[in-house]
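> my questions concern the predicted model and sequence given below.
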Amino acid sequence: MPPQPVAAVQPLPDPQQLHLSNGAAVVQIDLPQAPVVCIDFWCRAGSARESSSESGIAHFLEHMVFKGSARLAAGEFDYRVEALGGNSNAATGFDDVHYHVLMPPEASDDALELLLDLVLEPRLDAADFELERQVVLEELAQSEDQPEEVAFQELLHQACGSHAYGLPILGEREALEAHRPDAMALFHRRHYRPERCCLAIAGPVGTRTDALRERLERSRLGQLQPGGEPETTPTPLDLQAGSARLELPRLEAARLLMVWQLPGAADQRTVLGGDLLTTLLAEGRRSRLVERLREELRLVESIDLDLNVLESGCLVLLEAVCEAEQLEAVEREVGRVLLELQERPAAAAEVERARRLVGNGYRFSLEVAGSVAAMVGNSHLWQRRHGLQAPLDWLQQWDADSLQRELVPLLAPERAFSLRAVPA
Amino acid sequence: MTTSLAAAPLVEAGRWDLHCPLWLLHRPGAPILSAKLWMRGGSSADPEGQRGAAQLLAGVLSRGCGPYSGDALADLVEGCGAGLRCEAAEDATLISLKCASDDAATLLPLLLQMVSSPWLVDDQIDLERQLNLQTLQRQREDPFQVAHDQLREQLYGAGPYGHDPLGVEAELRLIARGALQDRAQALGQGGAVLVLAGQIPDGVEALLLQGLEGRPWAPCAPQRRPGPSGTATASLATSCDETEQLVLMLGTTTTALGAEQALALRLLHAHLGIGMSSRLFVALREEHGLAYDVGVHHPARLGDAPFVMHLSSSADRAAEACRELLNEWQRLLEQPLSRAELELTLAKFRGQEALGRQTSSQLADRQALVLGHGLAMDFADRSLAAAAQLTPADLHAAARQLLGRPSLSLCGPATALAAAEREWQRHPLAS
């Protein structure tokens, strides 16, 4: 029996779930020690929902939401939230978008009304639209000035092709310049539907939900009309293996970028296994890739392996930073390390080390109300509806043999797309 | 001694057989422990010809100490699923430990082991040096970093704050083991403080002292002493790069955390750069659509801290971006905040405080910094109270006294540099 991770010491609280009469999901979790409340509104309206002419509109809409609603003038939301001591932000991903506010507990009721008003009835004023288009174009330009970001975008484009994961969330410049407010309003109406939304609240909020339910039934969220286009399952990803070389101006150090596909986020047990395996390989000085490539052979400045949890298929992304003349050796050694794991399972102690790192990292993240709200919000948005303890239980289900049998083959070098980016 | 602070965890200063203050912030909730050992003497204490020594030493401290080789130390820490880092910033070298409370007894002795008996193996020094050199090279990819490095040179020249903590390449290549050994022996002598937050085990002092294994380590308590200074003369520096955007950084050197008018500057920082209702966000992004990323950089320092406004804007809008940025700075000098603006600023300042108290690491980090600066444990609460008494006139006086002569650093394509330079030359701030 392997030692229990720290998470087993104390049971984690379970979120309370509500469903409003129109089908909108609400999840609340009481964190009595937290000094702030996080209110996090999630919607399945990421860039993967865009048609080809809508490139970048999901993210552009996220910007426009903050330009005011039917009842809130541009900037009024920010002013009122921040005048109450809170702050807000938003993020658009491939699969979903979320808008969150962090507030002192005594002001969280006010923030809830303001946020729902803002997100669900955006004003999309034509003059504001033109101005915000400039901001989005500046964001795109800023990203284009980071050669590393350009390289990652190229990697995803080549590996994922025309799937949404191969296209930029920020959008194509030409499409951004052509967008109009009415098309954005249509996108909003199509996707910001109660059955595609989840509101998550985490903080010192107590365990009663009666009053919350009543308030929300009367709120913008409760009044939202269900319907629209029928829900579709995410388009399956079929990552293409291969390799490419890219010369980039202003790149100072070469990069080896590689990407593999794992099953989608619905398979949470495998997600935790993927987390465990990538940690075993590249988290910490004694992880396999860091030890071999950075510490022993001294081929790289850094090597990272990250699991990106996505609905159509998770992506494992590797980045090695090195001198251009070392690229070949770096790729060869990465391949060797992966093949060694295929041939012989990791030692039990090695798996245990990774399990402790993943388990503790997860536990540490639960100190922050924003992380907790994001975790339960995303989980309920995609109808997984698991509690906070579940990831730690899934983590316990993996051992060296099951990792070798089920997951290591998925990270075989021949299943990856690899991109060598070199200074032009 | 036991003290109770409003809205803060219980604080105990235990008996301690070293001359380094120990503060314990007991925190109910998750079984997590965070420890921060703050030692004065970061990159600003790098000797002439050895710029980069503090960071190089910091990196090597976790590559073997006491009975542990670098590998054995990594096995121990990573085997517990913990994080143990040592980094040098401008004013201090900081060792940070974060672990499950159950592992505290195993890991806490490492803190003093690292400072009292580092191995400093040549081979590991070479590796750490190579990594730092590569990082310095890679940083040049980022036009923000280029503009930032350039502004640092404008503001601090060859002074203690004038280089990246990672060092200067030519000097970093030559730092010898002996120099690191000297620096290691001096760790803590300029002042050190240890702060633990979270669920803290019983007998923590004994656990910490185990790490010394009878060896001497004689730090002293941090004192309130002035830190490095900067220059405050207006200058322009440009760096030509084939980017889409022009990066603009406008800044000057100001004053130390806790100094007179430092609180007014922190409020000006909140007013200008914190949140989407902040002045720069609204004026430059929301009203002019000039940038995605705008903000203020004003870190806490022992010496003359930089106060920098920054943004990046498309090359074809360089003139407008530069003009508006300069005008925003000028506005600070000419126009006091309105009462409503000050109220909003105070609300943000209070909100930031609450957000900075969410995790054990945040609490330990902040308290270590405050105590390391020789300030009182309740400095944050006192600052909140004092901020409420400041008036728009106080903030205006601080701006006029400390922000009068900013320098401009630009990085971008040649045409954009020329357009921005013309705006600078004709602006009152340049004269």
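That came through fine.

> how about the helices in the stretch 151-300 of chain B?
With DSSP state H, counting those that start in this stretch as the criterion, the stretch 151-300 of chain B has helices at B:169-172, B:177-185, B:204-210, B:262-273, B:279-280.

> any idea which of those helices has the lowest pLDDT on average?
For the helices of the stretch 151-300 of chain B, mean pLDDT drops lowest on helix B:204-210, to a mean of 92.

> which strands and helices lie in contact with that one?
strand B:22-26, helix B:104-107, helix B:109-116 (3 or more C-beta pairs under 8 Å, 6 or more residues apart in numbering or on different chains; DSSP states H and E). From N, CA and C alone the C-beta is placed, and that goes for glycine too.

> against chain A, how distant is the residue sitting nearest the centre point of chain B?
Nearest residue to the geometric centre of chain B (C-alpha atoms, centre = their mean): residue B:299, 5.4 Å. Separation of residue B:299 from chain A (C-beta to the nearest C-beta, to the nearest Å) stands at 20 Å.

> tell me the contacts of that residue?
Counting by C-beta atoms under 8 Å, 6 or more residues apart in numbering or on different chains, residue B:299 touches B:305, B:306.

> domain-wise, how is the chain divided?
Unless you meant another one, I'm taking chain A. Chain A breaks down into these domains under automatic domain parsing: A:14-223, A:242-423.

> that answer is for a different chain, and I need it for chain B
B:2-210, B:236-430.

> tell me how far the shortest one is from the chain's mean position?
By that I understand domain B:236-430. The gap between where domain B:236-430 is centred and where its chain is centred comes out at 15 Å by C-alpha atoms, centre = their mean, to the nearest Å.

> for the residue nearest to residue A:313 when sequence neighbours are not counted, helix, strand, or coil?
With C-beta to C-beta, 6 or more residues apart in numbering or on different chains as the criterion, residue A:313 has its nearest non-adjacent residue at 3.6 Å, and that residue is residue A:237. The three-state assignment at residue A:237 reads coil, by DSSP: H, G, I helix; E, B strand; the rest coil.

> which among the helices of the stretch 151-300 of chain B is found nearest to residue A:63?
helix B:279-280 (17.2 Å; C-beta to C-beta).

> helices and strands around the closest one, which ones?
helix B:262-273, strand B:294-297.

> okay, these in JSON lines with distance to chain A and mean neighbour count next?
As requested, those are exported to JSON lines (distance: least, C-beta to the nearest C-beta, whole Å; neighbours: other C-beta atoms under 10 Å in any protein chain shown):
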{"stretch": "helix B:262-273", "distance to chain A": "10", "mean neighbour count": "22"}
{"stretch": "strand B:294-297", "distance to chain A": "10", "mean neighbour count": "20"}
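
> redo these as CSV? Include distance to residue B:394.
Shown next, in CSV, are the helices and strands packed on helix B:279-280 (distance: least, C-beta to C-beta, whole Å):
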stretch, distance to residue B:394
helix B:262-273, 5
strand B:294-297, 19
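
> excluding residues flanking it in the chain, which one is nearest the closest residue to chain A within the stretch 151-300 of chain B?
Closest to chain A within the stretch 151-300 of chain B is residue B:289: 3.3 Å, counting by C-beta to the nearest C-beta. The shortest distance from residue B:289 to any non-neighbouring residue, by C-beta to C-beta, 6+ apart, is to residue A:134 (3.3 Å).

> rewinding a little: so which of the helices and strands packed on helix B:204-210 comes closest to chain A?
Of all the helices and strands packed on helix B:204-210, helix B:104-107 sits nearest to chain A, with 11.2 Å by C-beta to the nearest C-beta.

> got the buried residues for the closest one?
For helix B:104-107, the neighbour count (16 or more other C-beta atoms under 10 Å in any protein chain shown) marks B:104, B:107 as buried.

> okay, which residue of chain A is out on the far edge from center?
Within chain A, residue A:325 marks the point farthest from the mean C-alpha position, 33.8 Å out by C-alpha atoms, centre = their mean.

> any idea how many residues pack against the residue nearest to residue B:289?
18 (other C-beta atoms under 10 Å in any protein chain shown).

> run through who's touching the helix or strand containing it.
In the assignment (DSSP states H and E), residue A:134 maps to helix A:126-144. Residues from elsewhere that reach helix A:126-144 (C-beta under 8 Å, 6+ apart): A:56, A:59-60, A:63-64, A:67-68, A:74, A:149-150, A:170-171, A:173, A:176-177, A:179-181, A:184, B:244-245, B:285-293, B:312-314.

> and the strands in chain B?
With DSSP state E as the criterion, chain B has strands at B:2-3, B:10-12, B:22-26, B:32-40, B:64-65, B:68-69, B:83-88, B:92-100, B:192-198, B:236-240, B:245-253, B:294-297, B:306-314, B:407-412.

> residue A:351: which of those strands is closest?
The nearest among the strands of chain B, by C-beta to C-beta, is strand B:92-100 at 17.9 Å.

> now stretch A:366-380: buried residues?
Across stretch A:366-380, burial judged by 16+ other C-beta under 10 Å covers A:366-380.

> and chain B, which of those reach it?
Among those, proximity to chain B is found for A:366, A:367, A:368, A:369 (C-beta under 8 Å from any C-beta of the partner chain).

> any idea how far the first one lies from residue A:312?
The span separating residue A:366 from residue A:312 equals 27 Å under the rule C-beta to C-beta, to the nearest Å.

> do the same with the second one
Noted for residue A:367: a distance of 31 Å to residue A:312, by C-beta to C-beta.

> same check on residue A:338?
Look at residue A:338 and residue A:312: by C-beta to C-beta, they are 24 Å apart.

> what about the helices in the stretch 101-250 of chain A?
Using DSSP H, counting those that start in this stretch, the helices of the stretch 101-250 of chain A run over A:108-120, A:126-144, A:147-160, A:173-178, A:181-191, A:210-218, A:220-223.

> would CSV of those helices with mean pLDDT and distance to residue A:422 be doable?
Below are those laid out as CSV (pLDDT from 0 to 100; distance: least, C-beta to C-beta, whole Å):
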stretch, mean pLDDT, distance to residue A:422
helix A:108-120, 95, 43
helix A:126-144, 97, 18
helix A:147-160, 98, 10
helix A:173-178, 98, 25
helix A:181-191, 97, 39
helix A:210-218, 94, 54
helix A:220-223, 96, 50
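
> in TSV: the ones you listed, plus distance to residue B:109.
Formatted as TSV, the helices of the stretch 101-250 of chain A follow (distance: least, C-beta to C-beta, whole Å):
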stretch	distance to residue B:109
helix A:108-120	43
helix A:126-144	45
helix A:147-160	39
helix A:173-178	56
helix A:181-191	55
helix A:210-218	48
helix A:220-223	53
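
> residue B:328: which of those is closest?
helix A:126-144 (17.0 Å).

> how much does the closest one deviate in direction from strand B:306-314?
Compare the direction of helix A:126-144 with that of strand B:306-314 by axes from the mean of the first three to the mean of the last three C-alpha atoms, to 10 degrees and you get 100 degrees.

> chain center to helix A:126-144: distance?
Distance, stretch centre to chain centre, for helix A:126-144: 23 Å (C-alpha atoms, centre = their mean).

> send the alpha carbons of it over as CSV?
What follows is helix A:126-144, C-alpha atoms only, in CSV (Å, rounded to 0.1, in the frame of the first residue of the first chain):
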residue,chain,number,x,y,z
ALA,A,126,-20.7,50.3,-32.0
ALA,A,127,-18.2,53.0,-31.0
ASP,A,128,-16.9,50.9,-28.1
PHE,A,129,-16.6,48.0,-30.5
GLU,A,130,-14.3,50.0,-32.8
LEU,A,131,-12.1,51.1,-29.9
GLU,A,132,-11.9,47.6,-28.4
ARG,A,133,-11.0,46.1,-31.8
GLN,A,134,-7.9,48.3,-31.6
VAL,A,135,-7.1,46.8,-28.1
VAL,A,136,-7.5,43.3,-29.4
LEU,A,137,-5.3,44.0,-32.4
GLU,A,138,-2.7,45.4,-29.9
GLU,A,139,-3.0,42.2,-27.9
LEU,A,140,-2.3,40.2,-31.1
ALA,A,141,0.7,42.4,-32.0
GLN,A,142,2.1,42.0,-28.5
SER,A,143,1.8,38.2,-28.8
GLU,A,144,3.5,38.3,-32.3
